[in-house]
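Student: coords please:
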Amino acid sequence: MRRGSWAVMAVCTVALLAGCASQLEHEGLGLDRDLGLPGEASFTVTPDGAWSGLGGPTALYHEGEHRRTYVTWVNSIGDLRVLYFDHDTGEKVKKTLRVEYQIDDRAAPALLMRPDDRLAVFMSGFRGMWFLYRTASRRENISVWGAESYVGPHATGSLGYSYATPVQLSDESDRLYAFWRGVGFAIYSAVSDNRVKWTEPARFIHEEGKHPLVKVTSDGVSRIHFAKTAGLPDDPGGSSIYYARYESGSVVRADGTHVANMDALPFAPSACDVVYDASTTGVSARVWDVVDDSDGNPVIVYATFPSDDDHVYWYTRWNGAAWENRELTHAGGWFASGRPGSRNVDVHLSGGIALDHSDPSIVYLSREIDGIFEIERWVTPDKGETWNVDAITSNSRWNNVQPVVPENHGPNGPGLLWMNGPYSDHVEFLTSLRMK
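Tutor: You can find the predicted model right below:
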């Protein structure tokens, strides 16, 4: 029945996007467009793809012999795919890594570029039974891949592996860390020094009775950032935002205060910096992104939920002594069209907000304008006090949501990707991936 419904949606989508048919077939880069066009008029990375705001990264730029942006996603029948754009030739190459793996946007893989210029793709699914990864056999090429390898053992029970996040630190001889949410809703980690053998999975972040959501990012050199909630927004007591980072063999707060040694894990979110305290406001929050700025101070964006139909975006930064929280804008409600009560519907799923990790004074966000979610670019010249706003999309037919800024994006490469199209919930979608 689901495939039949998708057929109807596909026909509707093709009809509505008929005016963009030639653009859908375009295989090159370099579309030079003004800001504020409908989302459907933007360059199409793939006509069928989705991802979620956790795990990743799902897009990265790499400059070696070639200048290429790599993107990964899950499509509406559960295939896991990866693609690159070549910025010099306009070539677009696509590869399917897994067929009908899992129909769930939270199953989108994560990317990592190895020091030898070979791409690795990490695949856990959502509550998957295996945490897999594959490595391209050739440098800067995705045509041929090695066999599947495993980060951890087969998972038992109903939770399994979720939100795969690989991190590589050059200051630690390119040691590779993998993070995920697993059994007991704990955040787990494993470490590899040779990309073949991994340590036994160990609980990294855990608090009994809590259900954390964690965004993990890194500078790729010496730091790993953890912006997290201890629970879900609808948990009793609400969900606050916390921060800690790994550096020099231990976990610390923003001011360097010790939280935990790596041989004394897990640590609890409540042991970290409190960035936003839901117990004082009575309003829950959900983290979206984290990175440090040019001064080495962490920056976080998150959403709060005064109601299901009123999500609010916030920008916060550590100023060296305290967290400065600044409200950005009201974002509308949850963007999905599914009905509340469905186990796959998330009423706290905002349109999405992302930091440009190359310059976190730049924020991309999706908010509801005249009933449609549109993408905007917000830029602050004074660390969040004031903002300049430009429309990326406007007057769109379909929602434009889940913005993603490619890691290490180059000055001439695409600086933004997002989802556009029909979306019911995490397992029923027919969204395309678009690029600015």
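Student: where exactly do the helices run in the stretch 51-200 of the chain?
Tutor: With helices called from DSSP state H, counting those that start in this stretch, the stretch 51-200 of the chain shows none.
Student: give the contact list for the nearest residue to residue 139 once chain neighbours are set aside.
Tutor: Nearest residue to residue 139, sequence neighbours excluded (Cβ to Cβ, 6 or more residues apart in numbering): residue 117, at 4.1 Å. Placement of C-beta: from N, CA and C, glycine included. Taking Cβ atoms under 8 Å, 6 or more residues apart in numbering as the contact definition, residue 117 lies against 62, 64, 65, 139, 140.
Student: Could you report the distance from residue 117 to residue 138?
Tutor: Between residue 117 and residue 138 the computed distance is 9 Å (Cβ to Cβ, to the nearest Å).
Student: Let me see the mean pLDDT of stretch 131-144.
Tutor: For stretch 131-144, the mean per-residue pLDDT is 97.
Student: shaky segments in the protein?
Tutor: Low-confidence segments of the chain (pLDDT under 70): 1-35, 339-341, 410-414.
Student: try 50 this time
Tutor: Along the chain, the model assigns pLDDT under 50 to residues 1-34.
Student: Just give me the residue closest to the centre of this protein.
Tutor: residue 53 (3.7 Å; Cα atoms, centre = their mean).
Student: That residue and residue 402 touch, don't they?
Tutor: Yes - the pair residue 53 and residue 402 passes the contact test of Cβ atoms under 8 Å, sitting 6.3 Å apart.
Student: Find residues that contact each of those two.
Tutor: With Cβ under 8 Å, 6+ apart as the test, residue 53 and residue 402 both reach residue 352.
Student: just to revisit the earlier point, inside strands: which ones of the contacts of residue 117?
Tutor: With strands taken from DSSP state E, the overlap with the contacts of residue 117 comprises residue 62.
Student: So among the contacts of residue 117, which ones count as buried?
Tutor: 62, 140 (16 or more other Cβ atoms under 10 Å).
Student: quick check, nearest of the contacts of residue 117 to residue 387?
Tutor: Lowest distance from residue 387 to the contacts of residue 117 (Cβ to Cβ) belongs to residue 62, with 30.8 Å.
Student: how about that closest one, what does it touch?
Tutor: Contacts of residue 62 (Cβ under 8 Å, 6+ apart): 68, 69, 70, 113, 117, 119, 140, 408.
Student: go on, residue 249?
Tutor: Counted by Cβ under 8 Å, 6+ apart, residue 249 has contacts 261, 262.
Student: For the stretch 51-200 of the chain, which segments count as strands?
Tutor: Secondary structure of the stretch 51-200 of the chain (DSSP state E, counting those that start in this stretch): strands located at 59-63, 67-74, 80-86, 92-98, 110-113, 119-123, 132-135, 149-150, 162-169, 175-181, 187-192.
Student: Could you export those as TSV, including distance to residue 240?
Tutor: Formatted as TSV, those follow (distance: least, Cβ to Cβ, whole Å):
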stretch	distance to residue 240
strand 59-63	29
strand 67-74	30
strand 80-86	34
strand 92-98	36
strand 110-113	26
strand 119-123	29
strand 132-135	33
strand 149-150	35
strand 162-169	19
strand 175-181	18
strand 187-192	16
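Student: Please identify the most buried of those.
Tutor: Stretch with highest mean neighbour count among the strands of the stretch 51-200 of the chain: strand 67-74 (a mean of 25; mean count of other Cβ atoms under 10 Å).
Student: Which elements pack onto that one?
Tutor: strand 59-63, strand 80-86, strand 110-113 (3 or more Cβ pairs under 8 Å, 6 or more residues apart in numbering; DSSP states H and E).
Student: who wins for proximity to residue 361 among these?
Tutor: That would be strand 59-63 among the helices and strands packed on strand 67-74, by Cβ to Cβ, at 19.1 Å.
Student: partner residues bridging the residue lying closest to residue 112 once chain neighbours are set aside?
Tutor: Leaving aside its sequence neighbours, residue 112 sits nearest to residue 166 (Cβ to Cβ, 6+ apart; 4.3 Å). Beta-bridge pairing of residue 166 under DSSP bridges involves residue 178.
Student: tally of neighbours for residue 247?
Tutor: Residue 247 is flanked by 16 other residues according to other Cβ atoms under 10 Å.
Student: That one and residue 238, how far apart?
Tutor: Relative to residue 238, and taking Cβ to Cβ, residue 247 is found at 30 Å.
Student: Please apply the same query to residue 283.
Tutor: 7 Å.
Student: same deal with residue 202?
Tutor: With Cβ to Cβ as the criterion, residue 202 and residue 238 are 29 Å apart.
Student: With neighbour numbers in mind, choose between those two.
Tutor: A count of neighbours by other Cβ under 10 Å puts residue 238 above the other of residue 202 and residue 238, at 21 against 14.
Student: give the contact list for that one.
Tutor: Residue 238 touches 231, 278, 279, 282, 283, 284, 285, counting by Cβ under 8 Å, 6+ apart.
Student: Go again with 7 Å.
Tutor: 278, 279, 284 (Cβ atoms under 7 Å, 6 or more residues apart in numbering).
Student: thinking residue 289 is in contact with residue 355, fair?
Tutor: Yes - using Cβ atoms under 7 Å, residue 289 is in contact with residue 355, at 4.6 Å.
Student: Need the overlap of contacts for these two.
Tutor: In contact with both residue 289 and residue 355: residue 301, using Cβ under 7 Å, 6+ apart.
Student: neighbour count winner among those two?
Tutor: The neighbour comparison of residue 289 against residue 355 (other Cβ under 10 Å) goes to residue 289, with 26 against 22.
Student: can you pull the contacts of that one?
Tutor: Contacts of residue 289 by Cβ under 7 Å, 6+ apart are 215, 301, 353, 354, 355.
Student: swap in residue 301?
Tutor: Per Cβ under 7 Å, 6+ apart, neighbours of residue 301: 288, 289, 313, 314, 315, 353, 355, 363.
Student: okay if I get those residues as TSV plus secondary structure?
Tutor: Formatted as TSV, those follow (DSSP: H, G, I helix; E, B strand; the rest coil):
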residue	secondary structure
288	strand
289	strand
313	strand
314	strand
315	strand
353	strand
355	strand
363	strand
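Student: since we're on the closest residue to residue 38 other than its chain neighbours, how many residues are nearby?
Tutor: Leaving aside its chain neighbours, residue 38 sits nearest to residue 396 (4.3 Å; criterion: Cβ to Cβ, 6+ apart). Using other Cβ under 10 Å, residue 396 has 21 other residues around it.
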